[in-house]
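Student: sequence first, then the predicted structure, then my questions.
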Amino acid sequence: MTEAAEHTVDRNDRLVILASSVGTVIEWYDFYLYGSLAAIITAQFFSGVNETTGFIFALMAFAAGFAVRPFGAIFFGRLGDLWGRKNTFLVTMLLMGLSTFVVGLLPSYAAIGVAAPAILIAMRLVQGLALGGEYGGAATYVAEHAPPGKRGFYTSFIQITATAGLMLSLLVILGVRTVVGEEAFKEWGWRIPFLVSILLLGVSLWIRLKLAESPAFARMKAEGKGSKTPLKDSFGKWPNLKLVLLALVGLTAGQAVVWYTGQFYALFFLEKTLKVDGPLANILIATALLLATPFFVFWGWLSDKVGRKPIILTGCLLAALTYFPLFHALTQAANPQLAAAAATAPVSVHADPADCALQFDPVGKTVFDSSCDLAKSYLAKAGVTYVNVAAPAGSTAEVRIGGTTVPSFHSVIAEDVRFASIPSGAISRAEFTALKTGFEGRLGEALTSAGYPAKANSALVNRPMVVGILFLLVLYVTMVYGPIAAALVEMFPTNIRYTSMSLPYHIGNGWFGGFLPTTAFAMVAATGNIYYGLWYPVVVALVTVVVGFLFVKDRKDADLHE
């Protein structure tokens, strides 16, 4: 490469970072709109199942976009190593923007039935495939432009884009909610942020069209050193496959669960479990994100001095050690009435284990009509944490709230009996509904008397404390995510870099991270413990700390033209 060409690259560094970052912000904005509106998506597209199952389904549809990200990484990573970085991430951006726009136009479940969630999931899959190709291209493109000693600093601006995209989605949602009102927003206003994405797509495409190809890729092609079989060279040869596996287990798996716990599960926890008003929860998380965002650049800059590995693994370790006390503190600060009630009047469900089913109905057809299921389904819907206590076989379940006991009831519904004589004592569906209504009324009154609130009182939310806790959670995110692009880029040679780094990143973030909200919420629904889902990120983060410390080599000064 000539000195003049090198000078041109240096002079245009700001354009490279700006164009790559702005485009990626828009893609993350599109992707995170869904996560930010999970509760409303549940009502719009999954209203054919019970509420707990509907929310898990909404989270599963959110996770569907993450599930296919590794396949997008393979497909577009191969194109990026054969065709070039710039052209590939132009295609991924176009796919992302159009699929988001379609979601804004999609009729609800009430209008077109099961076709609505089917099309929604299809659009999520397109988004996931596109994002699977986007990140590796943007990170590789910027890293290959960075001068020696500044790779972590340069790529940290790409790392800001995910949080910036989330923050932008929250701000747009909050703005629309404020203008149209909460009721109108739930009915039709939620579509506006999705439709606006088509304008953002046009702007970002215009900016990216101004970019030239990566200098490292251009030099490699000029010298005839490109790989003709990037998939085989990346994953079919053990020396490189070993690096891919180490990148996954020793870096990105832990980074991913810390990221999604701090930015997504915290938001779900505030809204779904602690019953904090949606707009207020958005404001609190957006404030924390705004305060913490500069630390992406700080940790990226520091990683150029001390290495990527120490910062990433320290962030994972701190998160694993402090998640449980931080989320307990979050409950105390965001819904002090709930925290006080749980402390003074703990809830337990005493039931025959054989009488209890998992509170998850994949097809929306299960009727939770056993005495145990009636109690647990109500508590799950109310967001009340409880413990399970085994009772003698055949006994009727009862809910104990402090010193108060609310018995459930046994019943056999005559209409549900098939191919057998109807047992004596069977009741009609109408009689069952009346009994259920009476039981839930008594249980609700007992919870209210014990101090359990139906929703968080916004006036009692300790906003500085909540923001402080959320800031600390996002600070961990900045530690693990700020240096990760540079760490991954440096692990692989230029001719297969796009393919090799994209797959472990998107398996880590698409599977380990993307499935975190769904898995954690299902764990909570199964056990009744609102904190039980935290075991998932804690265990994964600790595994990454051990594997990363023992086997991952820090290569912060590696030559990217190798």
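Tutor: Alright, I've got the coordinates.

Student: close enough to count as contact, Pro193 and Leu170?
Tutor: No. The pair Pro193 / Leu170 is not scored as a contact, 9.8 Å apart, by Cβ atoms under 8 Å. No exception for glycine: its C-beta is placed from N, CA and C like everyone else's.

Student: and the strands in the stretch 351-500 of the chain, which stretches?
Tutor: 386-390, 398-401, 404-407 (DSSP state E, counting those that start in this stretch).

Student: wait, which of those is closest to Ala39?
Tutor: strand 386-390 (22.1 Å; Cβ to Cβ).

Student: partner strands of the closest one, with direction?
Tutor: Strands adjacent to strand 386-390 in the sheet, as given by DSSP bridges, are strand 347-351 (parallel).

Student: quick one: low-confidence parts of the stretch 401-550 of the chain?
Tutor: Within the stretch 401-550 of the chain, the stretches with pLDDT under 70 are 412-426.

Student: just the helices in it please.
Tutor: 429-449, 463-481, 484-489, 497-507, 516-527, 535-551 (DSSP state H, counting those that start in this stretch).

Student: what's the offset of the fourth one from the middle of its chain?
Tutor: Once both centres are worked out by Cα atoms, centre = their mean, to the nearest Å, helix 497-507 turns out to sit 19 Å from its chain's centre.

Student: quick check: Phe296 vs Ala286, distance?
Tutor: Per Cβ to Cβ, to the nearest Å, Phe296 is found 16 Å from Ala286.

Student: buried sites along stretch 449-466?
Tutor: Ala450, Gly451, Tyr452, Pro453, Ala456, Val461, Val466 (16 or more other Cβ atoms under 10 Å).

Student: can you give me the end-to-end distance of stretch 266-281?
Tutor: 10 Å (Cα to Cα, to the nearest Å).

Student: what residues does it touch?
Tutor: Outside stretch 266-281, the residues that touch it by Cβ atoms under 8 Å, 6 or more residues apart in numbering are 35-36, 38-39, 55, 59, 174, 177-178, 182, 282, 284-285, 327, 330-331, 334-335, 338, 383, 453-456, 458, 461, 466, 470, 473, 517, 521, 524, 530.

Student: quick check, Tyr452 in contact with Ala341.
Tutor: Yes. Contact criterion Cβ under 8 Å: Tyr452 and Ala341 qualify, at 4.5 Å.

Student: who are the neighbours in contact with Gly510?
Tutor: Phe66, Ala67, Val68, Arg69, Pro70, Gly128, Gly132.

Student: could you identify the least confident member of the residues you listed?
Tutor: Here the lowest pLDDT out of the contacts of Gly510 sits on Phe66, with 75.

Student: from Thr519, how far out is that residue?
Tutor: Applying Cβ to Cβ to Phe66 and Thr519 gives a distance of 12 Å.

Student: quick one, helices of the stretch 1-150 of the chain?
Tutor: Counting by DSSP H, counting those that start in this stretch, the helices of the stretch 1-150 of the chain are 3-11, 13-36, 38-45, 51-67, 69-83, 85-105, 109-112, 115-143.

Student: the helix or strand following the longest one vs helix 38-45, what angle?
Tutor: Pointing back at helix 115-143 there. The C-terminal neighbour of helix 115-143 among helices and strands, as given by DSSP states H and E, is helix 151-180. If you take axes from the mean of the first three to the mean of the last three Cα atoms, to 10 degrees, helix 151-180 sits at 60 degrees to helix 38-45.

Student: show me what counts as buried in the helix or strand that helix 151-180 is followed by.
Tutor: Beyond helix 151-180 in the direction of the C-terminus, DSSP H and E gives the next helix or strand as helix 182-184. Counting neighbours by 16+ other Cβ under 10 Å, one finds that helix 182-184 has no buried residues.

Student: what's stretch 148-160 in contact with?
Tutor: 13, 17, 20-21, 24, 135, 138-139, 142-143, 145-146, 293, 296-297, 299-304, 308, 478, 481-486, 489-490, 556-557, 560.

Student: with just CA atoms, put it into CSV.
Tutor: C-alpha atoms of stretch 148-160 as CSV (Å, rounded to 0.1, in the frame of the first residue of the first chain):
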residue,chain,number,x,y,z
PRO,A,148,-1.7,0.8,15.6
GLY,A,149,-2.4,1.2,19.3
LYS,A,150,-5.9,2.6,18.7
ARG,A,151,-7.9,-0.5,17.6
GLY,A,152,-9.8,-0.8,20.8
PHE,A,153,-10.6,2.9,20.9
TYR,A,154,-11.8,2.9,17.3
THR,A,155,-14.0,-0.2,17.5
SER,A,156,-15.5,0.9,20.8
PHE,A,157,-17.6,3.4,18.8
ILE,A,158,-19.1,0.4,17.1
GLN,A,159,-19.8,-1.1,20.5
ILE,A,160,-21.8,2.1,21.5
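
Student: any idea how far it is from the middle of the chain?
Tutor: So, by Cα atoms, centre = their mean, the centroid of stretch 148-160 is 24 Å from its chain's centroid.

Student: also stretch 534-550?
Tutor: The mean C-alpha position of stretch 534-550 is separated from the chain mean by 18 Å, Cα atoms, centre = their mean.

Student: what sits up against it?
Tutor: By Cβ under 8 Å, 6+ apart, stretch 534-550 touches 246, 249-251, 253-258, 260-261, 265, 309, 312-313, 316-317, 319-320, 323-324, 327, 512, 516, 519-520, 523.
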